[in-house]
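Q: The following comprises the amino acid sequence and a computationally predicted model.
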Amino acid sequence: MVTSETINGAASELNLFERPAGGERAILVHLDLGELPPEAAIDELEALAVSAGAEVVDRLIIRRNRPDPRYFIGRGRMEEIQARVAVEGIEAVLVNHPLSPSQGRNLERALCCRVLDRTELILDIFAQRARSHEGKLQVELAQLRHMASRLVRGWTHLERQKGGIGMRGPGETQLEMDRRMLGVRIRQLEKRLQRVQKQREQGRQSRRKRDVATVSLVGYTNAGKSTLFNALTQAEVYADDRLFATLDTTLRRLELSHGDAVVLADTVGFIRDLPHQLVAAFRSTLEESVQSQLLLHVIDASDPERAAGIEEVEKVLADIGAHELPRLRVYNKTDLIGGRPRVTFNQDAGVTEVWLSAVSGEGLELLHEEVRRLQGAERVHGRIRLTPSQGRLRSRLFELGEVLGEQTEACGDLLMEIEIRRTDLERLRDNEGLSREIELVDA
Ligand SMILES: Nc1nc2c(ncn2[C@@H]2O[C@H](COP(=O)(O)OP(=O)(O)OP(=O)(O)O)[C@@H](O)[C@H]2O)c(=O)[nH]1
């Protein structure tokens, strides 16, 4: 019988969940195909490498018109690195792009050291950072799926570990076994995740029932979301200069001064070309943002490449269906650029921008003010028709909105003129299941 213990045992024997040890001496490689500013791209790779615990020995920018199908970086450059590996004790080469399984295999065989592509590097960081039960399950699932996609094409790091001098591939039986084991483990994780996600959904629903709005912090990794979260809620969430310090959504109550409170959610950081396994894996975490009433898009104001980060975040928000939610752009770290806290309106993007410093606390009150304004200002004014059986909804409307008038129709229906927050109205529609029966006639 296959039990979870035997699977875990076998997996650890095969080092399925191996990650690079801290301080691995690494050479970074970025292929300049003319798409991105190469210096900024390799800076980002370096930040990722450091986050993964590597010691960066050198950074190579290689200019090519297109990737080499065999070695990705080209034979000549591969041989240059090959010569340095033994002499300089290089343990890993980190490539800032996704490699095909055969390119990964060819490079690793030729260089005789570990080769990680961008996807594997990010997966590794996620594996080191995940702290909650759900986060850990999600990362492990993403790693195994990535591994399975390599196995399907007949190659995996497992092979290298077992391959010895000739580094021959596994025999059919071994490959079959790996595949089956991965399959079993993947299904097991999927089931567990479903259970955890159900609990999360229940929590979300009960918040909605209690009419508590959620405000989510989203943004590029290292923008300062956790620091801002802590500053706003006086919580002690792990904030760190390493990328992806926060992997799991954290929730805290945020008091707004006029007696209102919202739930503030800190979410996973975004990054360019987030591996698709991770986008899928973190969908449920990101869904917290989709379900929010307001998004605070946190931006590192001191980052010269911040425009690319903004674009990336907008792209992912569109992917998960959160792009139409009301939002504020929060330009953080003004202390680093000598900027003053302020509120401006960006005409092109159609969003309000708040400039502040989460570390010094300057400008926090401006953000508070804007959140309050957006929570309250989005009001709708209209007439709502209720049937005689909807007495419960009528009292909810009295609780939540300002009732400007009531009129009973000949048929017994009640026409209420009301001014109410759009978010409250939407929650009433969702919670009471009355979407068709509430009709705004004069918004
Ligand atoms: N100077 C300055 N540094 C800041 C400010 N806000 C955050 N930082 C620093 O920026 C780094 C990243 O901050 P985090 O709050 O961990 O960033 P994050 O967006 O949550 O990061 P991820 O978890 O990677 O998504 C930390 O070293 C913070 O101390 C600020 O207003 N000014």
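A: Cool, the structure landed.

Q: ok, residue 422 to residue 82 distance?
A: Distance, residue 422 to residue 82, using Cβ to Cβ, to the nearest Å: 62 Å. Placement of C-beta: from N, CA and C, glycine included.

Q: Looking at those two now, which is surrounded by more residues?
A: Shown here are residue 422 and residue 82; by other Cβ atoms under 10 Å, residue 82 has more neighbours (17 against 14).

Q: In three-state terms, how would that one be classified?
A: Three-state call for residue 82 (DSSP: H, G, I helix; E, B strand; the rest coil): helix.

Q: next one: residue 353
A: Residue 353 ends up strand, using three-state DSSP.

Q: For it, list the residues it contacts.
A: Residues counted as contacts of residue 353 (Cβ atoms under 8 Å, 6 or more residues apart in numbering) are 328, 329, 330, 331, 343, 344, 345, 346.

Q: Could you list the low-pLDDT ranges of the stretch 51-200 of the chain?
A: Within the stretch 51-200 of the chain, the segments meeting pLDDT under 70 span 129, 131-132, 151-175.

Q: where along it do the helices fall?
A: Using DSSP state H, counting those that start in this stretch, the helices of the stretch 51-200 of the chain run over residues 75-88, 101-111, 118-129, 133-152, 157-163, 172-209.

Q: What are the buried residues along the second one?
A: The one in question is helix 101-111. 103, 104, 105, 106, 107, 108, 110, 111 (16 or more other Cβ atoms under 10 Å).

Q: With respect to residue 374, which of those is nearest?
A: Minimum distance to residue 374 across the buried residues of helix 101-111 is 46.7 Å, recorded for residue 104 (Cβ to Cβ).

Q: Roughly how far does the closest one sit from residue 147?
A: Taken as Cβ to Cβ, the span from residue 104 to residue 147 is 12 Å.

Q: Could you tell me how many residues sit around residue 41?
A: For residue 41, using other Cβ under 10 Å, the count is 20.

Q: Which other helices and strands does the host helix or strand of it contact?
A: Secondary structure assignment for residue 41, by DSSP states H and E: helix 38-52. Applying 3 or more Cβ pairs under 8 Å, 6 or more residues apart in numbering; DSSP states H and E, one finds that helix 38-52 makes contact with strand 25-32, strand 55-63, strand 92-95, helix 118-129.

Q: And it, what's buried?
A: 38, 41-52.

Q: Out of those, which one has the weakest pLDDT?
A: Across the buried residues of helix 38-52, the bottom pLDDT score, 81, is held by residue 51.

Q: quick revisit: of the helices of the stretch 51-200 of the chain, which approaches the ligand most closely?
A: The ligand sits nearest to helix 118-129 of all these, at 7.9 Å, using Cβ to the nearest ligand atom.

Q: any idea of the angle the closest one forms with helix 101-111?
A: Orientation check (axes from the mean of the first three to the mean of the last three Cα atoms, to 10 degrees): helix 118-129 against helix 101-111 gives 80 degrees.

Q: With only the CA atoms kept, save helix 118-129 in CSV.
A: The C-alpha coordinates for helix 118-129 follow below in CSV (Å, rounded to 0.1, in the frame of the first residue of the first chain):
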residue,chain,number,x,y,z
ARG,A,118,14.5,31.8,-13.9
THR,A,119,11.5,29.6,-13.2
GLU,A,120,13.5,27.2,-11.0
LEU,A,121,15.1,30.1,-9.2
ILE,A,122,11.8,31.7,-8.3
LEU,A,123,10.3,28.3,-7.4
ASP,A,124,13.3,27.9,-5.1
ILE,A,125,12.8,31.2,-3.4
PHE,A,126,9.1,30.5,-2.9
ALA,A,127,10.0,27.1,-1.4
GLN,A,128,12.3,28.7,1.1
ARG,A,129,9.7,31.4,2.0
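
Q: now it, how far from the chain's geometric center?
A: Put simply, helix 118-129 sits 13 Å off its chain's centre (Cα atoms, centre = their mean, to the nearest Å).

Q: Briefly note if that helix comes near the ligand.
A: No: for helix 118-129, no contact with the ligand is found by Cβ under 6 Å from any ligand atom; the gap never falls below 7.9 Å.
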